[in-house]
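Chemist: return a 3D structure for these sequence lines:
(chains A and B)
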There are 2 protein chains.
Amino acid sequence: MQFIIVADDGRARAGLLKTPHGEIHTPQFMPVGTQGSVKTMTPEELRGMGAEMILGNTYHLYLRPGDETIKRLGGLHRFINWPGPILTDSGGFQVYSLSRLRRITDDGVEFQSHIDGSTHFLSPERSIEIQENLGADIIMAFDECIPYPADYEYALDAVKRTAQWAVRCIRARKRKDQYLFGINQGGMYRELRRMSIEELISFGFDGHATGGLSVGEPKGLMHEMIHFTASLLPAEKPRYLMGIGDLIDVVEAVEAGYDLFDCVMPTRNARNGTLFTSQGRVSIKRAEFRDDPSPLDPLCNCYTCMHYTRAYLRHLFLAGEILSMRLNTIHNLSFYMNFFREMRRAILEKRFQQFKRDWLDILRNNSTRNNLQ
Amino acid sequence: MQFIIVADDGRARAGLLKTPHGEIHTPQFMPVGTQGSVKTMTPEELRGMGAEMILGNTYHLYLRPGDETIKRLGGLHRFINWPGPILTDSGGFQVYSLSRLRRITDDGVEFQSHIDGSTHFLSPERSIEIQENLGADIIMAFDECIPYPADYEYALDAVKRTAQWAVRCIRARKRKDQYLFGINQGGMYRELRRMSIEELISFGFDGHATGGLSVGEPKGLMHEMIHFTASLLPAEKPRYLMGIGDLIDVVEAVEAGYDLFDCVMPTRNARNGTLFTSQGRVSIKRAEFRDDPSPLDPLCNCYTCMHYTRAYLRHLFLAGEILSMRLNTIHNLSFYMNFFREMRRAILEKRFQQFKRDWLDILRNNSTRNNLQ
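Modeler: Numbering: from 1, shown residues only, chains lettered A, B, ... in the order given. Sure, this is the predicted structure:
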């Protein structure tokens, strides 16, 4: 694993992760390209806003167009025309959240496709095989997600199964040019998280991910688990906090020592007309934007803010124009990429706590004040 | 009117039309920006494929966001960030085709918005006022469209009313920096088309448009009317054939001496997965594209064909990804802009008949052969 910690500030760290398709500056945010496309965006646009690595969903790509098809076409990078690093998840999370679940056994999971109801089977071995066909730079071990709340016995079983499956994932690997990350589970039980992490560490993964957070638990509990898990994960390997993208949580996790993040929040919110700005969160539908000739965020230099007014963005959204989703996505992703770059710079300059204080004021005021000037 | 005929070949002509926002090389195709956006595209992308002028719909922009709003925000060019020439239609066609019509009188048309059912009134004077607020380079007289089939008396009445309304449009004009085009009607009656055109000519419009074709009549009849109307329209002024974009019809109309065209066909078909290629029309859904690593059209150098495979385009379409609509629109519009540029070059080089023969073979084979290699 080529991962260098360039600087730290408290437990927060700035790193450099080298992959076959390029370097990743951590902390780094991965835009989500669920079905082989970061919704509405071209690769050039993603590159242009500084995105270094994107995420592809194994569950979706396996069902459509199929991993064999993607393999025949030269792998996922080539298929989607993305030259940089890619991470694929294991398929586990979507199997539990999207498909009609048939049966979980120690062997694997039988499920029905959310597209056509057809029956499929995913196991540690199949997940690795699919991810090797896709050919991402970082692939994930197949885990069992735990809902919230979950009782201790249930969570313990899932932790044990996740450990057994982790070993089978390592054994199933054929390619040596992909990093394999393990995923710890354990719900909100510190004891189980510790057990899960210790087992995974002993297996020698290239990096470590924490799954099963932001599944409905209170924020305080989530932040507690973020700090607790980070403190147990080996410092010399990359730490990936899966699926968490609310920037309040991200700042907490970076402070705790996490390096990698992914979330559909900036892209999904963009399509729904909710935009992130230096003044807080804004709904583009607001009536007061009707005649407003100013850019969405006067402090932002993304393509959208450099070329369009709030009035036009509001009009496009209300008219249901596809360009609305594009321009909003460009803005939200640019905002995220800028936020992460500034967070990294704050670590390099040993002023992460100041960064955190400044931003928490803005981020927390989102829901109450919302006074974009 | 600054319109120069640079070259001709038979009745086909290559022209140069100067407007406050730039020059237009004719024959020219105008992508349709119905609600202030050529669906899925940015202005830069349109420019990049050689689009010179776009069309905005008065009916839509009047209803949402409102012409007063657009005027306050600096006019349509500035509102939508399109620096080149714009043409707006009069609103007439959409009033008849989209809204719930309430009442046509000599005064104007009362109708209900297709958005919220609210009642509105459009007259020659209102149409000009709205179009002056929008501020396009070319604006259109308010006409009465005639359905097909229509009996002679009905068509005669509409022709008379269109002439009366044309005079009122001219009288209502305040701005002198916009060209105003008259629209001839008459259904499929040569006698009425002649009457309509002769009246409009006498009013001294800056250019002439033919409306009310491609409304359900047989192709042969449409082509006959295209040639007949073109032969009556003054040669020294631009001729605009409204709403016709099937390339077989376009070639016929350019041969007859038409200069300007608009149609939703390339953009709407793109979103539906129907693509125009040098080998004919193609549905991107085709099963044989599943593993096809070649570009959609090997002879095309648009962004889509230079970066993506048929397999990926098929996948994006089946997955319902917005990027599918973008990439397909880029291709179809690029194909149209290239087609028009080549048509113009053929006129300049006095080989339009050869161009027509070559292309008609391809265009006619669309529905039968469809063998994209």
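Chemist: I figured residue A:106 hits residue A:161, correct?
Modeler: Yes - judged on Cβ atoms under 8 Å, residue A:106 makes contact with residue A:161 at a distance of 6.4 Å. No exception for glycine: its C-beta is placed from N, CA and C like everyone else's.
Chemist: who's more crowded, the two?
Modeler: A direct count of neighbours by other Cβ atoms under 10 Å in any protein chain shown for residue A:106 and residue A:161 places residue A:161 higher, at 18 against 11.
Chemist: identify the residue spatially nearest to that one, adjacent ones excluded.
Modeler: Closest residue in space to residue A:161, ignoring its immediate chain neighbours: residue A:144 at 5.1 Å, by Cβ to Cβ, 6 or more residues apart in numbering or on different chains.
Chemist: and that neighbour, helix, strand or coil?
Modeler: In three-state terms, and counting by DSSP: H, G, I helix; E, B strand; the rest coil, residue A:144 is coil.
Chemist: ok, it - contacts?
Modeler: By Cβ atoms under 8 Å, 6 or more residues apart in numbering or on different chains, the contact list for residue A:144 reads A:92, A:96, A:104, A:158, A:161-162, A:165, A:185.
Chemist: likewise for residue A:51?
Modeler: Going by Cβ under 8 Å, 6+ apart, residue A:51 touches A:29-31, A:38, A:84, A:333, A:337.
Chemist: so residue A:69 sits right up against residue B:293, yeah?
Modeler: No - Residue A:69 is not in contact with residue B:293 according to Cβ under 8 Å; the separation is 10.6 Å.
Chemist: name the residues contacting each of these two.
Modeler: residue B:311.
Chemist: can you name the residues of chain A sitting close to chain B?
Modeler: Counting by Cβ under 8 Å from any Cβ of the partner chain, chain A comes close to chain B at A:35-37, A:39-42, A:60, A:64-65, A:69, A:72-74, A:79-81, A:290-291, A:293, A:307-309, A:311-312, A:314-316, A:318-319, A:321-323, A:325-326.
Chemist: the stretch 101-250 of chain A: helices as residue ranges?
Modeler: Applying DSSP state H, counting those that start in this stretch to the stretch 101-250 of chain A gives helices spanning A:124-134, A:152-172, A:190-203, A:219-232, A:247-256.
Chemist: redo those helices as JSON lines? Include distance to residue A:265 and mean pLDDT.
Modeler: What follows is the helices of the stretch 101-250 of chain A, written out as JSON lines (distance: least, Cβ to Cβ, whole Å; pLDDT from 0 to 100):
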{"stretch": "helix A:124-134", "distance to residue A:265": "24", "mean pLDDT": "98"}
{"stretch": "helix A:152-172", "distance to residue A:265": "25", "mean pLDDT": "98"}
{"stretch": "helix A:190-203", "distance to residue A:265": "24", "mean pLDDT": "98"}
{"stretch": "helix A:219-232", "distance to residue A:265": "15", "mean pLDDT": "98"}
{"stretch": "helix A:247-256", "distance to residue A:265": "9", "mean pLDDT": "98"}
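Chemist: out of those helices, flag the one nearest residue A:52.
Modeler: For residue A:52, the closest of the helices of the stretch 101-250 of chain A is helix A:247-256, at 16.1 Å, according to Cβ to Cβ.
Chemist: orientation of the closest one relative to helix A:219-232 in degrees?
Modeler: With axes from the mean of the first three to the mean of the last three Cα atoms, to 10 degrees applied, the angle from helix A:247-256 to helix A:219-232 works out at 30 degrees.
Chemist: among residue A:69 and residue B:293, which residue is more densely surrounded?
Modeler: Taking other Cβ under 10 Å, residue A:69 and residue B:293 do not tie; residue A:69 has more neighbours (16 against 13).
Chemist: contacts only, for the more buried one.
Modeler: Contacts of residue A:69 by Cβ under 8 Å, 6+ apart are B:290-291, B:311.
Chemist: what helix or strand does it sit in?
Modeler: Assigned by DSSP states H and E, residue A:69 belongs to helix A:67-72.
Chemist: can you give me the buried ones in that helix?
Modeler: Neighbour-count burial for helix A:67-72 flags A:67, A:69-71 (criterion: 16 or more other Cβ atoms under 10 Å in any protein chain shown).
Chemist: mind putting the contacts of residue A:69 into a markdown table with pLDDT, distance to residue A:278 and secondary structure?
Modeler: Formatted as a markdown table, the contacts of residue A:69 follow (pLDDT from 0 to 100; distance: Cβ to Cβ, whole Å; DSSP: H, G, I helix; E, B strand; the rest coil):
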| residue | pLDDT | distance to residue A:278 | secondary structure |
| --- | --- | --- | --- |
| B:290 | 97 | 45 | coil |
| B:291 | 97 | 46 | coil |
| B:311 | 98 | 41 | helix |
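Chemist: which among the contacts of residue A:144 count as buried?
Modeler: By 16+ other Cβ under 10 Å, the contacts of residue A:144 give A:92, A:96, A:104, A:158, A:161-162, A:165, A:185 as buried.
Chemist: circling back: quick one: mean pLDDT over the helix holding residue A:69.
Modeler: For helix A:67-72, mean pLDDT is 98.
Chemist: following element in sequence after it, please.
Modeler: Sequence order places helix A:76-80 as the next helix or strand after helix A:67-72, per DSSP H and E.
Chemist: right, and the helix or strand after that following helix?
Modeler: The first helix or strand that comes after helix A:76-80 along the chain, using DSSP H and E, is strand A:86-88.
Chemist: thinking again about what came up before, distance to residue B:251 for the helices of the stretch 101-250 of chain A - can I get that in JSON lines?
Modeler: What follows is the helices of the stretch 101-250 of chain A, written out as JSON lines (distance: least, Cβ to Cβ, whole Å):
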{"stretch": "helix A:124-134", "distance to residue B:251": "46"}
{"stretch": "helix A:152-172", "distance to residue B:251": "59"}
{"stretch": "helix A:190-203", "distance to residue B:251": "67"}
{"stretch": "helix A:219-232", "distance to residue B:251": "64"}
{"stretch": "helix A:247-256", "distance to residue B:251": "56"}
